[in-house]
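# sequence first, then the predicted structure:
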Amino acid sequence: MKLSKLVLIAWIASLLMANKCVQDSEEDHSSENDFKEVHFDKNQTVSKTMAIENWEMFLKQSQNAIDLTEANLGNLQIRIDEADAKQKQEWQQVCDYCNLHLIRLKSKRLNRNKQFESELKNYQATVYQKNEAFETEFSSEMETINAKLETLFEKIRSGYYK
């Protein structure tokens, strides 16, 4: 049982390291979970088709970000399971905070998607503006969650908790 957990941890760590190496080797240092925001000029009329395409791109990118965050939370949970009592408590607080906020964020995304679908029936340019505001809010909240996780992982990697 312990051996399988160690193999899983090593596998996840190698994936994260490989991802980091790929990110470091890219000239523009962009990653897959960065949101490619498409903004139209305020004077430009955003058609229904343009709004749909933009929203679908956001849904795909946000799902990738959610998947990566969930993988990081899974990795943290494995580390929590093998940590000592003090570390377990501190790390579990971060894990719980991030899980709760990610669940809320996924729910907001689902609700906005339902609203968008119903707003398409009587499409107006303000629909795109609502989506744009939501995308900005989503990105900000996702960055907050991932920053909290990254800070904890940096402390773990640096030996701060040993």
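Right, received. Where do you want to start?
# so which residue is dead centre in the protein?
Compute the mean C-alpha point of the chain, and by C-alpha atoms, centre = their mean the closest residue is A65, 3.3 Å away.
# phi, psi of it?
phi -70, psi -40 (degrees, to the nearest 10).
# now K106, nearest residue through space, not along the chain?
I66 (6.3 Å; C-beta to C-beta, 6 or more residues apart in numbering). (C-beta placed from N, C-alpha, C; glycine too.)
# show me what contacts the one you found?
102, 105-106, 142 (C-beta atoms under 8 Å, 6 or more residues apart in numbering).
# just give me the neighbour total for the closest residue to T45 other than its chain neighbours.
Spatial nearest neighbour of T45, excluding adjacent residues (C-beta to C-beta, 6+ apart): A125 at 6.3 Å. A125 has 14 neighbouring residues, counting by other C-beta atoms under 10 Å.
# so that it lines up with my notes, have the first residue be 847 from now on.
Sure thing, new numbering starts at 847, so read that last one as A971.
# these two touch, right, A971 and M896?
No. Look at A971 against M896 with C-beta atoms under 8 Å: they stay out of range, at 10.1 Å.
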